[in-house]
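J.: just need the structure, nothing else, for what follows:
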Amino acid sequence: MYLLREIEKFMRETEMPWTKFGRLSVRDPRFVEDLRNGRQPGKKISLRVEHFMNKWRNDHAS
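T.: Next comes the predicted model:
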């Protein structure tokens with residue numbers, strides 16, 4: 001799944017734990033684990049996650 005690959009890449013880049021990513025992006029600390037286990041997010045959640053990653057990268061750019 002494309003979204004999960006992008007999330008995994010983001011977490012490696014930022015050294016962010018998966019529970020923190022879930023809490024900050026969609027208020028669900030199990031979100032990444034659920035994706036790893038086959039959860040299919042809807043379009044609204046996917047857009048929210050992509051927005052979170054883009055905003056984080058812009059806010060924390062060196």
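J.: isn't Leu35 right up against Met1?
T.: Yes: using Cβ atoms under 8 Å, Leu35 and Met1 qualify as a contacting pair, with a distance of 7.0 Å. In this view, the C-beta of every residue, glycine as well, is placed from N, C-alpha and C.
J.: the more surrounded of these two?
T.: Looking at Leu35 and Met1 with other Cβ atoms under 10 Å, you find the greater number of neighbours at Leu35, namely 19 against 13.
J.: spell out the secondary structure type for the more buried one.
T.: helix (DSSP: H, G, I helix; E, B strand; the rest coil).
J.: check contacts around it.
T.: The contact partners of Leu35, taken as Cβ atoms under 8 Å, 6 or more residues apart in numbering, are 1, 3-4, 7, 41.
J.: can we see that at 7 Å?
T.: With contacts defined as Cβ atoms under 7 Å, 6 or more residues apart in numbering, the neighbours of Leu35 are 1, 4.
J.: before we move on, what about Glu6?
T.: By Cβ under 7 Å, 6+ apart, the neighbours of Glu6 are Met53.
J.: so where's this protein shaky on pLDDT?
T.: 62 (pLDDT under 70).
J.: please repeat the previous calculation with a cut-off of 80.
T.: Where the chain drops to pLDDT under 80, the residues are 1, 62.
J.: mind listing what Arg36 touches?
T.: Leu4 are the contacts of Arg36 under Cβ under 7 Å, 6+ apart.
J.: what do you get for Met1?
T.: With contacts defined as Cβ under 7 Å, 6+ apart, the neighbours of Met1 are Leu35.
J.: what of the one 3 residues further on?
T.: Contact partners of Leu4, counting by Cβ under 7 Å, 6+ apart, are 35-36.
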